[in-house]
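The following comprises the amino acid sequence and a computationally predicted model.
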Amino acid sequence: QVQLVESGGGLVETGGSLTLSCAASGTIASITDMGWHRQAPGKQRELVAFISRGGFAAYEDSAKGRFTISRDNTKNMVYLQMNGLKPEDTAVYYCKARILPWEGGEWSDCWGQGTQVTVSS
């Protein structure tokens, strides 16, 4: 059983910063891609940032220049540093990871339960 647990969300003023963390635990042989998605009320879930095991990162346009994704492969963790936060960044942020539970097993996409980020104007 694999579990992803996010932390670091909260309430921040416009222009403020937050760092989200996500820890993967359980039966894990390997993790490839990791990423952060978000879902605002009444909107579809969208990809915010993605990082490969080797460190290649890509961002949704509104996140470029403000957010930084990173990971620690030794700890099975992924982070999202968010600077210059805006009210439109308000959403539930979800961690996602593509995980191989054991050698010879099947890769699967796993999601965390989400953490709320609220940016006040």
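Noted; the coordinates are in hand. Bear in mind that the values here come from a model prediction, so they are computed numbers and not experimental data. Numbering: from 1, shown residues only.

From now on I want contacts and neighbour counts done on CA atoms only, so please keep to that.
OK.

can you give me the strands for this structure?
Counting by DSSP state E, the chain has these strands, from start to end: 2-7, 10-13, 18-26, 30-39, 46-51, 57-59, 67-72, 77-82, 91-100, 108-111, 115-120.

Count the residues that sit near the closest residue to Thr27 other than its chain neighbours.
Leaving aside its sequence neighbours, Thr27 sits nearest to Pro101 (Cα to Cα, 6 or more residues apart in numbering; 5.3 Å). Using other Cα atoms under 10 Å, Pro101 has 18 other residues around it.

so which of the strands of the chain is the most packed in?
strand 91-100 (a mean of 23; mean count of other Cα atoms under 10 Å).

Okay, now the sheet partners of it, with direction.
Within its sheet, strand 91-100 is paired with strand 30-39 (antiparallel), strand 108-111 (antiparallel), strand 115-120 (antiparallel), according to DSSP bridges.

ok now do the closest residue to Gln39 other than its chain neighbours, which residues does it touch?
Excluding the flanking residues, the one nearest Gln39 by Cα to Cα, 6+ apart is Arg45, at 4.3 Å. Applying Cα atoms under 8 Å, 6 or more residues apart in numbering to Arg45 gives the contacts 37-39.
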